[in-house]
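>>> Have a look; sequence and predicted model below, questions after that.
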Amino acid sequence: MQPTYFITGTDTGTGKTVLTTLLAAYLRSQKIRVAAFKPVCSGGRALTLDEINPWHFRAGIAPVLAARREKQMVRRAEVLAHIRALRKNFAVTLVEGAGGLLSPLGEDFDSRDLILALRATPVIVAPNRLGAVNHLLLTLAALPVSVRAKAKVVFMSPPKPDTATGTNTKLLGEFFPQEKIFTLPWLGRKIPPAVATGNLRRILQDLIRA
Ligand SMILES: Nc1ncnc2c1ncn2[C@@H]1O[C@H](COP(=O)(O)OP(=O)(O)OP(=O)(O)O)[C@@H](O)[C@H]1O
Ligand SMILES: [Mg+2]
């Protein structure tokens, strides 16, 4: 089966979209057919393409609540059917969750449910700052052992390091395989849309390969 990566995080706003975009651009540059989904989303201003983001709600609150506010109910089965139907046509599928692993996405599911049902590789994005190791260990602990064994962790570098930024990777490595821990650099206020080059490209390459 073609690989599906599920990009989740320790929280909202950790850099999931930044990573998903970089991975999609990298794979396309390799001429690999890649599908990128953000199936459930809340708090967005503009509607995106329906296929990418079919369940889209305006209020910047948990998606399940944003949907109810618009008198809609999102169900696990329909989201899964949508992704399964479309991913058949692609070599690699990227799915971005909303919020963190257990943020309620719809009436009867969260990102963990989708990861399990899609047999996806979880990619957990965390800001590289104090507290991240705890948040990452909690997130990893919430995955069944067999799924945790496939997981990867991405630390997003902050614009300014704090007291933990320099040591988080090594500390997490005492509990989780070091070779599955990646660090993305801070890319500045205006993230270049172009395909990653140099070191960034190597990190993305390793992430997909590991
Ligand atoms: N490595 C980075 N370099 C520069 N800016 C970054 C980086 N990572 C994240 N950001 C910025 O942090 C903010 C949040 O990132 P992003 O939108 O990717 O988070 P998210 O996890 O997708 O959020 P949501 O839960 O809303 O989907 C954005 O403004 C983004 O540009
Ligand atoms: Mg996002």
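Great, that's in hand. Ligands and ions are numbered 1, 2, ... in the order given.
>>> For the rest of this, base every contact and every neighbour count on C-alpha atoms.
Will do.
>>> What segments of this structure are strands?
With DSSP state E as the criterion, the chain has strands at 4-9, 34-37, 40-42, 55-57, 92-96, 121-127, 152-156, 181-184.
>>> Make JSON lines from those and add mean pLDDT and mean neighbour count to it.
Shown next, in JSON lines, are those (pLDDT from 0 to 100; neighbours: other C-alpha atoms under 10 Å):
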{"stretch": "strand 4-9", "mean pLDDT": "98", "mean neighbour count": "27"}
{"stretch": "strand 34-37", "mean pLDDT": "91", "mean neighbour count": "21"}
{"stretch": "strand 40-42", "mean pLDDT": "81", "mean neighbour count": "23"}
{"stretch": "strand 55-57", "mean pLDDT": "80", "mean neighbour count": "23"}
{"stretch": "strand 92-96", "mean pLDDT": "95", "mean neighbour count": "23"}
{"stretch": "strand 121-127", "mean pLDDT": "98", "mean neighbour count": "25"}
{"stretch": "strand 152-156", "mean pLDDT": "98", "mean neighbour count": "25"}
{"stretch": "strand 181-184", "mean pLDDT": "97", "mean neighbour count": "19"}
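>>> who wins for proximity to G173 among these?
Proximity to G173, assessed across the strands of the chain by C-alpha to C-alpha, is greatest for strand 181-184 (7.6 Å).
>>> re the thing from before, now the strands of the chain as JSON lines including distance to ligand 1?
As requested, these are arranged in JSON lines below (distance: least, C-alpha to the nearest ligand atom, whole Å):
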{"stretch": "strand 4-9", "distance to ligand 1": "6"}
{"stretch": "strand 34-37", "distance to ligand 1": "12"}
{"stretch": "strand 40-42", "distance to ligand 1": "8"}
{"stretch": "strand 55-57", "distance to ligand 1": "12"}
{"stretch": "strand 92-96", "distance to ligand 1": "8"}
{"stretch": "strand 121-127", "distance to ligand 1": "7"}
{"stretch": "strand 152-156", "distance to ligand 1": "5"}
{"stretch": "strand 181-184", "distance to ligand 1": "6"}
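>>> For A91, give its distance to ligand 1.
Going from A91 to ligand 1 by C-alpha to the nearest ligand atom, to the nearest Å gives 23 Å.
>>> separation between the residue lying farthest from the centre of the chain and V64?
In the chain, the greatest distance from the average C-alpha position (C-alpha atoms, centre = their mean) is reached by K71, at 27.1 Å. K71 is 10 Å from V64, where distance means C-alpha to C-alpha, to the nearest Å.
>>> need the contact list for P122.
Contact partners of P122, counting by C-alpha atoms under 8 Å, 6 or more residues apart in numbering, are Y5, F6, I7, T8, I115, V147, R148, K150, A151, K152.
>>> JSON lines for those, including distance to G99?
JSON lines is the format used below for those (distance: C-alpha to C-alpha, whole Å):
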{"residue": "Y5", "distance to G99": "16"}
{"residue": "F6", "distance to G99": "13"}
{"residue": "I7", "distance to G99": "10"}
{"residue": "T8", "distance to G99": "7"}
{"residue": "I115", "distance to G99": "14"}
{"residue": "V147", "distance to G99": "19"}
{"residue": "R148", "distance to G99": "19"}
{"residue": "K150", "distance to G99": "21"}
{"residue": "A151", "distance to G99": "17"}
{"residue": "K152", "distance to G99": "17"}
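>>> Before I go, just wanted to say thanks for your time.
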